[in-house]
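Student: Next one to model:
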Amino acid sequence: MHATRLACPSMSFHKALAGPVAAVVLLVPTACRRHSAGTAREVTAPAPSGSTVTASTTATTASPKVSSGRLRPAPVLFGAAVLLPDEAGQFVDVTPPHGSEEYIHDAFFVDRNHGWVGFTDSSAASGRLVRTDDGGRTWETVAPATHRHQSGGSRVWLFFLDRRVGWTVSYAASAPAGGIYRTLNGGGTWSDYTALPEPGPVRFTTRDHGWLAGYSVFGNTGGLYETFNGGLTWTRRSVPPPAGTAPGDLAYRLPTFDGAEGILPVSAGDDRVAFYRSSDGGRTWRPAAIRAVPGGPKVAVAVASRSVWWAVAAEGGPVSVTTDAGRTWTTRPRVGLPETIIDFEATDDRTAWASAAGNGELRLYATSDGGATWHPVS
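Tutor: Numbers count the residues shown, from 1 in each chain. Okay, the predicted model is just below:
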């Protein structure tokens with residue numbers, strides 16, 4: 001349930017966080033990259049030993065997720081193809097037709113049929129947004145939000161609550177600046193640009209209520225914000241820094257909620273990850289646990305349940321897992337997972353997925369032994 005994606009265990013905490021169907025944006029061989037609309041084809045996704053990779057196909061109207069993720073059964077991978085699980089749990093290549101200079105900056109599906117893919121054309125400094133209503137068999141161009149930025153280091157995030165209501169957040173590294181747009185008709189038209197206190201990934205639980213993890217060029221180091229009017233204005237939520245850590249050294253992830261009970265992972269400086277709890281829906285936060293994990297904003301964090309949390313150190317460092325809300329931790333050296341983790345998701349203390357880059361290739365990996373060994377899924 002962190003940032004996204006897979007068949008969740010039958011527990012209330014996971015159900016509260018159930019999200020849209022998985023859409024996996026994946027680097028695949030050139031032969032898989034281009035196909036005309038209406039020619040979706042199956043891509044085998046081998047399961048790691050000891051586990052079964054299946055696709056959850058339950059759609060929900062709200063999509064509260066942790067960090068930037070929101071897909072199951074696997075994290076989003078930004079690459080050359082969009083893979084979507086079918087009813088049998090096999091991944092199908094549904095990549096929209098696109099130009100050779102275009103790359104995918106984000107993809108979002110609210111169910112198996114309804115999704116959006118955003119493209120950026122670096123050579124033309126332009127972007128476009130396409131939408132499917134039939135599971136990727138056909139795609140139509142919809143109006144992209146304006147003021148998108150294609151400068152190096154810039155980001156664009158998509159989030160859709162349902163088939164009609166969604167948001168785009170853009171971040172311009174050259175400014176730096178960013179803002180948010182909202183659509184009420186599936187991307188056909190967008191609201192005016194609204195500046196954000198700090199741009200970053202968002203998650204909305206209703207048309208009006210949502211969260212923002214403020215972003216900077218160095219990572220999610222801005223602040224935690226809450227909106228009650230669809231993103232027009234934002235209220236910053238105070239998070240007390242751990243001893244010896246300045247407020248500016250906190251790197252925020254998006255919080256996870258089960259009713260009014262929330263969990264917020266935060267990187268504290270370059271060598272610790274702190275977890276906070278809230279019992280009032282996120283208005284106030286209190287320290288719950290802290291763990292020595294090097295990497296700062298680059299640490300991969302997942303909240304699998306109220307008591308099961310993961311933290312994966314940067315630059316090939318070990319995996320730490322707790323099953324008792326941070327009172328004790330198990331640390332394992334990781335084997336088979338590249339250094340650079342883009343997105344990360346866990347469902348219990350044994351099973352997790354990660355999109356990771358190594359040797360110029362971005363792939364999806366899975367573990368079924370608590371992070372000790374990792375296997376390519378595709």
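Student: so where's the stretch 1-150 of the chain shaky on pLDDT?
Tutor: Across the stretch 1-150 of the chain, the ranges flagged by pLDDT under 70 are 1-80, 85-86, 89-91, 122-125, 146-150.
Student: and if we set it to 90?
Tutor: Regions of the stretch 1-150 of the chain meeting the criterion pLDDT under 90 cover residues 1-95, 98-113, 118-128, 135-136, 143-150.
Student: quick one: Trp139 from His98, how far?
Tutor: As for Trp139, its distance to His98 is 9 Å (criterion: Cβ to Cβ, to the nearest Å). Placement of C-beta: from N, CA and C, glycine included.
Student: Neighbour count for these two, which is higher?
Tutor: In this view Trp139 and His98 are compared by other Cβ atoms under 10 Å, and Trp139 has more residues nearby, 21 against 18.
Student: unless I'm mixing things up, that one is touching Arg128, no?
Tutor: No - contact criterion Cβ atoms under 8 Å: Trp139 and Arg128 do not qualify, at 10.7 Å.
Student: Looking at stretch 226-243 now, give me its mean pLDDT.
Tutor: Confidence for stretch 226-243, expressed as mean pLDDT, is 94.
Student: End to end on that stretch, go ahead and measure it.
Tutor: End-to-end distance for stretch 226-243: 25 Å, by Cα to Cα, to the nearest Å.
Student: Buried residues in it, which are they?
Tutor: Glu226, Thr227, Gly230, Gly231, Trp234, Arg237, Val239, Pro241, Pro242 (16 or more other Cβ atoms under 10 Å).
Student: Max pairwise distance over these: which two?
Tutor: Maximum pairwise distance in the buried residues of stretch 226-243, criterion Cβ to Cβ, is 33.1 Å, between Gly230 and Pro242.
Student: Do a quick rundown of the strands in the stretch 51-200 of the chain.
Tutor: Across the stretch 51-200 of the chain, reading from the start of the chain, the strands by DSSP state E, counting those that start in this stretch fall at 81-85, 91-93, 102-109, 115-121, 126-132, 140-142, 155-160, 166-172, 177-183, 194-195.
Student: got it, and the stretch 201-350 of the chain?
Tutor: With DSSP E, counting those that start in this stretch as the criterion, the stretch 201-350 of the chain has strands at 202-204, 210-213, 224-227, 235-237, 250-252, 256-258, 261-268, 272-278, 286-292, 300-303, 309-312, 319-322, 330-332, 340-346.
Student: How far off centre is the third one?
Tutor: Which is strand 224-227. The gap between where strand 224-227 is centred and where its chain is centred comes out at 17 Å by Cα atoms, centre = their mean, to the nearest Å.
Student: Partner strands of it and their direction?
Tutor: Using DSSP bridges, the strands paired with strand 224-227 in its sheet are strand 210-213 (antiparallel), strand 235-237 (antiparallel).
Student: closest one to Asp134 among the ones you listed?
Tutor: Nearest of the strands paired with strand 224-227 to Asp134, taken as Cβ to Cβ: strand 210-213 at 28.3 Å.
Student: as a whole number, average confidence for the closest one?
Tutor: 94.
Student: what's the answer for stretch 156-173, then?
Tutor: pLDDT averaged over stretch 156-173 equals 87, rounded to a whole number.
Student: What's the local residue count around the closest residue in space to Ala352 that isn't next to it in sequence?
Tutor: Using Cβ to Cβ, 6 or more residues apart in numbering and skipping the chain neighbours, the partner closest in space to Ala352 is Ala346 (3.8 Å). Applying the criterion other Cβ under 10 Å, we find 30 residues in the vicinity of Ala346.
Student: is it true that Ala346 touches Val301?
Tutor: No - at 9.4 Å, Ala346 does not count as touching Val301 under the criterion of Cβ under 8 Å.
Student: returning to what we had before: can you put the strands of the stretch 51-200 of the chain in CSV and add mean neighbour count and distance to Arg334?
Tutor: Below are the strands of the stretch 51-200 of the chain laid out as CSV (neighbours: other Cβ atoms under 10 Å; distance: least, Cβ to Cβ, whole Å):
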stretch, mean neighbour count, distance to Arg334
strand 81-85, 26, 24
strand 91-93, 22, 24
strand 102-109, 22, 27
strand 115-121, 23, 31
strand 126-132, 20, 35
strand 140-142, 14, 40
strand 155-160, 23, 27
strand 166-172, 25, 30
strand 177-183, 22, 33
strand 194-195, 12, 40
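Student: Okay then, goodbye and thanks.
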